[in-house]
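Enquirer: here's my sequence, what's the structure:
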Amino acid sequence: MITQKFLILTGEPSGDHHAALLVNELKILYPDHIFYGIGGEDMANAGVNLLYRMEQLAFLGLSEIIRHLPFIQQVFKQLRNWIQMEKPAAVILIDYPGFNLRMAGIVKKLGIPVVYYICPQLWAWGQRRVKKIRKNVDLPLVIFKFEEDFYAKFGISAKFVGHPLVEEISPLNNPVEFYEKHALDPNKKVIALLPGSRLNEVKKILPELIQVAALNKADHQLQWVVGKSVSIPMEIYRDIIGNNHFVRVIERDTHSLMKFAHVAFVASGTATLETGFLETPMIVLYKVSPLTFHIGKYLVKIKNIALVNIVLGKSVVPELIQDQVRVDLLNFEFKRYLDDADYHLSVQRQLSKVKEILGPAGASARAAQEIKKFLRQPSEKTV
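Expert: Modelled structure (predicted):
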């Protein structure tokens with residue numbers, strides 16, 4: 001008997017975590033299958049045999065991708081060869097659309113079923129990629145209910161499974177425990193600095209945040225804490241923090257940091273949704289290379305860039321984009337939260353709606369069940 005395989009591909013820490021939870025659920029349904037993929041520590045811990053580590057593909061923006069194009073081409077070629085030789089039961093793509101949409105076309109031509117979990121946010125980036133989903137993805141699994149309706153307009157039968165963040169967010173429940181664990185002062189307000197999970201993000205955003213912290217150093221009622229990404233070496237943070245030794249760095253407790261922070265500075269991405277789920281007022285930052293930004297300006301079709309504002313349908317938290325990521329503007333928005341208690345409370349109340357929008361826990365289990373249901377009927381397309 002030939003042992004069946006799954007190939008699971010992602011390229012970011014959030015996708016790595018989502019993928020690991022999905023793998024755990026698929027193992028219940030397919031105990032004899034072997035899992036391979038591209039991912040990080042979470043997927044490896046879930047038992048996935050990594051063909052590449054996601055850190056090798058952590059490129060932010062068009063200019064960075066162009067510089068690493070030969071390596072990216074090599075990855076596509078080797079994945080194609082692996083799929084041809086191993087013939088997995090399915091290739092499961094997790095988010096990471098720039099890479100995975102191209103991979104979907106390669107896999108489809110090889111006659112292997114394509115599942116896309118956490119489909120690209122085409123409602124934000126326009127409709128030019130819809131044809132690729134319709135042509136190359138056999139089972140689109142979406143995490144927002146409105147996405148089901150969006151895809152239906154283009155004749156694509158996407159399946160809504162709920163948002164995996166609901167089951168992934170696991171902060172400490174007791175603030176005293178959090179303060180004691182990290183040797184923080186319970187009488188001071190925590191200000192969270194969350195500069196992203198990619199090296200280029202951290203290098204572009206964290207220096208500005210450290211300057212804001214330094215500007216407010218005299219306020220001894222504040223304590224500044226950086227949430228470290230597991231994929232970035234500590235030395236990077238230490239180099240940027242420099243002599244600002246009052247700024248702390250913690251790792252593997254980011255959700256607790258989000259929950260117990262008075263205000264959070266958050267790089268645009270999934271982290272804004274996590275912070276909103278935990279009802280912490282935030283300032284969202286987005287900064288990429290000038291070329292990537294100018295191209296993106298013409299592609300983005302929605303008003304807001306912060307995912308938390310998008311799902312709430314309005315600008316609840318401030319967004320500072322590209323050249324607006326400056327110390328004076330960051331400090332202005334920060335002081336507004338600090339000095340205006342009514343404003344701070346109003347944002348908290350509006351963020352409380354995020355939990356309802358994301359729905360109940362169990363997205364990973366529902367996604368696994370949809371995959372099993374689809375693979376029982378491999379000759380039938382779902383779009």
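Enquirer: so which residues make contact with stretch 78-98?
Expert: Applying CB atoms under 8 Å, 6 or more residues apart in numbering, the contact partners of stretch 78-98 are 4-12, 14-15, 18-19, 22, 30, 33, 36, 51, 65, 100, 103-104, 106-107, 110, 112-118, 120-121, 129, 137, 371, 375. Where C-beta positions appear, they are placed from N, C-alpha and C, glycine not excepted.
Enquirer: the stretch 1-150 of the chain: strands as residue ranges?
Expert: Here the stretch 1-150 of the chain has its strands, by DSSP state E, counting those that start in this stretch, at 5-9, 34-39, 49-53, 90-94, 114-117, 139-142.
Enquirer: off-centre distance for the third one?
Expert: What separates the centre of strand 49-53 from the centre of its chain is 19 Å, taken as CA atoms, centre = their mean, to the nearest Å.
Enquirer: what are the pairing partners of it, and which direction each?
Expert: Here strand 49-53 is paired, per DSSP bridges, with strand 34-39 (parallel).
Enquirer: next, the buried residues of the partner strand.
Expert: F35, Y36, G37, I38, G39 (16 or more other CB atoms under 10 Å).
Enquirer: export those to a markdown table and append columns for distance to Q56 and pLDDT.
Expert: Shown next, in a markdown table, are these (distance: CB to CB, whole Å; pLDDT from 0 to 100):
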| residue | distance to Q56 | pLDDT |
| --- | --- | --- |
| F35 | 19 | 98 |
| Y36 | 15 | 98 |
| G37 | 13 | 97 |
| I38 | 8 | 96 |
| G39 | 11 | 95 |
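Enquirer: from the residues you listed, pick the one nearest G269.
Expert: Comparing the buried residues of strand 34-39 against G269 with CB to CB places G39 closest, at 17.2 Å.
Enquirer: that closest one reaches V48, doesn't it?
Expert: Yes - contact criterion CB atoms under 8 Å: G39 and V48 qualify, at 6.1 Å.
Enquirer: what sits in contact with each of those two?
Expert: I8, A19, A20.
Enquirer: redo these as JSON lines? Include pLDDT.
Expert: JSON lines is the format used below for those (pLDDT from 0 to 100):
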{"residue": "I8", "pLDDT": "98"}
{"residue": "A19", "pLDDT": "96"}
{"residue": "A20", "pLDDT": "96"}
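Enquirer: and which of the residues you listed is nearest S256?
Expert: Nearest to S256 among these, counting by CB to CB, is A20 at 19.7 Å.
Enquirer: what about the closest one, neighbour count?
Expert: Neighbour count of A20, defined by other CB atoms under 10 Å: 24.
Enquirer: ok now the helix or strand harbouring H344, how far from the chain's centre?
Expert: Assigned by DSSP states H and E, H344 falls within helix 341-351. Computed by CA atoms, centre = their mean, the chain-centroid distance of helix 341-351 equals 25 Å.
Enquirer: which elements pack onto the next helix-or-strand element following it?
Expert: Using DSSP H and E, the next helix or strand after helix 341-351 towards the C-terminus is helix 354-358. Using 3 or more CB pairs under 8 Å, 6 or more residues apart in numbering; DSSP states H and E, the elements in contact with helix 354-358 are helix 165-168, helix 270-277, helix 307-312.
Enquirer: deepest in the core, which of these is it.
Expert: helix 270-277 (a mean of 27; mean count of other CB atoms under 10 Å).
Enquirer: what's the pLDDT at E12?
Expert: At E12, the pLDDT value in this model is 86.
Enquirer: and the one 5 residues further on, by the same measure?
Expert: Among the per-residue scores, H17 shows a pLDDT of 89.
Enquirer: with T292 instead?
Expert: 53.
Enquirer: once you drop chain neighbours, what's closest to S14?
Expert: T270 (4.3 Å; CB to CB, 6 or more residues apart in numbering).
Enquirer: that neighbour is in contact with L307, isn't it?
Expert: Yes - taking CB under 8 Å as the definition, T270 is a contact partner of L307 at 6.6 Å.
Enquirer: so for the nearest residue to L199 once chain neighbours are set aside, what's the pLDDT?
Expert: Spatial nearest neighbour of L199, chain neighbours left out: I232 (5.7 Å); criterion: CB to CB, 6+ apart. For I232, the pLDDT comes out at 94.
Enquirer: quick one: what helix or strand has I232 in it?
Expert: Assigned by DSSP H and E, I232 falls outside every helix and strand.
Enquirer: what's the neighbour count on it?
Expert: Other residues close to I232 by other CB under 10 Å number 21.
Enquirer: list the residues that contact it.
Expert: So I232 contacts S197, R198, L199, V202 (CB under 8 Å, 6+ apart).
Enquirer: number of residues surrounding A361?
Expert: A361, neighbours per other CB under 10 Å, totals 16.
Enquirer: is it true that K355 touches F277?
Expert: Yes - contact criterion CB under 8 Å: K355 and F277 qualify, at 6.0 Å.
Enquirer: what about the residue lying closest to P113 once chain neighbours are set aside, distance to P120?
Expert: Computed as CB to CB, 6+ apart, the closest residue to P113 that is not its neighbour in sequence is A90, at 4.3 Å. Using CB to CB, to the nearest Å, A90 is found at 18 Å from P120.
Enquirer: quick one: the strands in the stretch 151-300 of the chain?
Expert: 159-160, 189-194, 222-228, 248-251, 263-267, 282-286.
Enquirer: let's have the ones you listed in a markdown table, adding mean neighbour count.
Expert: Formatted as a markdown table, those follow (neighbours: other CB atoms under 10 Å):
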| stretch | mean neighbour count |
| --- | --- |
| strand 159-160 | 20 |
| strand 189-194 | 24 |
| strand 222-228 | 23 |
| strand 248-251 | 16 |
| strand 263-267 | 27 |
| strand 282-286 | 26 |
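Enquirer: mind putting those strands into JSON lines with mean pLDDT and distance to P207?
Expert: As requested, the strands of the stretch 151-300 of the chain are exported to JSON lines (pLDDT from 0 to 100; distance: least, CB to CB, whole Å):
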{"stretch": "strand 159-160", "mean pLDDT": "94", "distance to P207": "40"}
{"stretch": "strand 189-194", "mean pLDDT": "98", "distance to P207": "11"}
{"stretch": "strand 222-228", "mean pLDDT": "98", "distance to P207": "12"}
{"stretch": "strand 248-251", "mean pLDDT": "96", "distance to P207": "14"}
{"stretch": "strand 263-267", "mean pLDDT": "98", "distance to P207": "12"}
{"stretch": "strand 282-286", "mean pLDDT": "97", "distance to P207": "12"}
